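*Asks:* Pasting the sequence and the predicted coordinates here, then a few questions.
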Amino acid sequence: MLFQKSLPIEVVYNEEKIDKKIEEISNKLPGTIVKSSYYIENEELIIKKGNDGLIIEKEKIKNSIKEAIKSTENKTIKIPVKNEKIEKINIEKIHNEIYKEPQNAYITKNPTKVYAHINGVDFRISIEEANKIIEEEKEEYIIPLKITIPEKTLDKLGEEAFPNKLSEFTTRYNASNENRSTNLELASEKVNGTIVLPGEIFSYNKIVGERTIAKGYKEATIYSGGKVVPGIGGGICQLSSTLYNAVLYSNLEITNRSNHRFTTSYVKEGRDATVSWGTIDFCFKNTRNYPIKIVSTVNSGIVRIEIYGISEENEYEVELQTNILETIPFKINYINDNTLEEGIEEIKQYGADGVKSETYKILKQNGIIVSKSLLSTDTYSSLEQIVRRGTKKVQKVENNV
């Protein structure tokens, strides 16, 4: 009632949000139907068999939600469900969905547009043979595939697709450390030549893969448990950190990045990107209009990352600024050692101060600052200095004349 007049209230429903909420509820309900699904991995089609179960009766619950919204009273909505059987796996339908003819990569001009190549995909066996495979009572079925790579792939377009160097960043390493050098070289070989399409997300762990002895990785120093210790693949965080900086200078979007526990020697605070297989990844998204190509080299003590692509009309000059907010002094940990004589001390691990920092990305055009945004606020712990202190008694020898 407003000014003694009754005004009708129009209720508008967001069907998309209601559908999303119903889907969320369905995912949490016990015993819901699990539909059959499939995915492609390497040269195999993997089909996962679903299970019969309950489904929510969407129209009924939608009507209940709408009635509850109209009502002024608190109402409990019961979720209407019914039993449903999963659809039989339709091999012919799946084949039609995944089948692709190979297509060459190419470029058009005015306006410039880069078209990535498409790999051909087909069953390596007949439809009849595939149907026999799924007749077995199993939870998972594997259909072999034939992948056909076209003659002209995106990487073969060369300078035509990647004529401009968008950014470059280098760091230095000790080339005399053979194990660390080997690890850097192996990781670099994986990253080198990687093409990231517009809208695509690059994952360092996915590209480099697991670091194992079988793949040639060696022991080199890593940070673990607050100490510097040997670890398989030690050193490859230098490559991910070098890549991180090159990506920043290309003005691409960082989607996943973590700093080390301690400061590093090869980049400034706030400019590193640590990685660890299965737990910590470095990822970025190609937010440009064209594909980019990563060129990675490790040679003679220098790690170099270059990013190539097509310059856009609205390019920015990128500056990175790190401010140290606080310094955290390191502590000294003395360990008694009965193999050393009293009065002798040996440093087992050198200490390093920790810091708190904030890093900004500044965009400029024609020397004028267009924007300044906070990239990260990072805390690096102090690395304790470990000193062995001798406790071995020294026997005095008296000379009698």
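*Replies:* Arrived safely, thanks for sending. Numbers count the residues shown, from 1 in each chain.
*Asks:* Where do the helices of the protein begin and end?
*Replies:* Listed from the start of the chain, the chain has helices (DSSP state H) covering 15-28, 58-70, 91-98, 127-134, 178-191, 204-208, 236-249.
*Asks:* out of those, deepest packed?
*Replies:* Neighbour counts (mean count of other CB atoms under 10 Å) averaged over each of these peak at helix 236-249, with a mean of 25. Backbone N, C-alpha and C define where each C-beta goes, glycine included.
*Asks:* Packing partners of it?
*Replies:* On a contact count with 3 or more CB pairs under 8 Å, 6 or more residues apart in numbering; DSSP states H and E, helix 236-249 meets strand 164-172, helix 178-191, helix 204-208, strand 253-256, strand 292-299, strand 302-309, strand 317-328.
*Asks:* any low-confidence regions in this protein?
*Replies:* Along the chain, segments meeting pLDDT under 70 span 1-11, 27, 72, 221-231, 233, 396-401.
*Asks:* got the domain boundaries for it?
*Replies:* Domains of the chain are assigned by automatic domain parsing as 1-30+52-85, 88-160, 162-392.
*Asks:* Any chance of CSV for those, columns distance to E43?
*Replies:* Formatted as CSV, the entries for those read as follows, by distance: least, CB to CB, whole Å:
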stretch, distance to E43
domain 1-30+52-85, 32
domain 88-160, 5
domain 162-392, 18
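*Asks:* So which of the ones you listed is nearest S37?
*Replies:* Among these, domain 88-160 comes nearest to S37, with 10.0 Å by CB to CB.
*Asks:* Tell me which of the domains of the chain sits nearest to E44.
*Replies:* When the domains of the chain are ranked by distance to E44, counting by CB to CB, first place goes to domain 88-160 at 5.3 Å.
*Asks:* From the opening residue of that closest one to its closing one, how far?
*Replies:* Chord length of domain 88-160, first to last residue, is 48 Å (CA to CA, to the nearest Å).
*Asks:* One more: stretch 266-278?
*Replies:* First-to-last residue span, stretch 266-278, CA to CA: 24 Å.
*Asks:* Return the set of buried residues in that stretch.
*Replies:* If you call a residue buried by 16 or more other CB atoms under 10 Å, then stretch 266-278 has these buried ones: Y266, V267, E269, G270, R271, D272, A273, T274, V275, S276.
*Asks:* Identify the bridge partners of the last one.
*Replies:* Okay, so that is S276. Per DSSP bridges, the residues bridged to S276 are I280.
*Asks:* quick revisit: among the helices of the chain, which comes closest to E346?
*Replies:* Closest to E346 of the helices of the chain is helix 178-191 (CB to CB; 24.0 Å).
*Asks:* who does the closest one touch, helix- and strand-wise?
*Replies:* Helix 178-191 is packed against helix 204-208, strand 219-224, helix 236-249, strand 292-299, strand 302-309, with contacts defined by 3+ CB pairs under 8 Å, 6+ apart.
*Asks:* Now render the ones you listed as CSV, adding distance to I86.
*Replies:* Shown next, in CSV, are these (distance: least, CB to CB, whole Å):
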stretch, distance to I86
helix 204-208, 31
strand 219-224, 47
helix 236-249, 43
strand 292-299, 42
strand 302-309, 45
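*Asks:* neighbours around E346, how many?
*Replies:* The criterion is other CB atoms under 10 Å. On that basis, E346 has 12 neighbouring residues.
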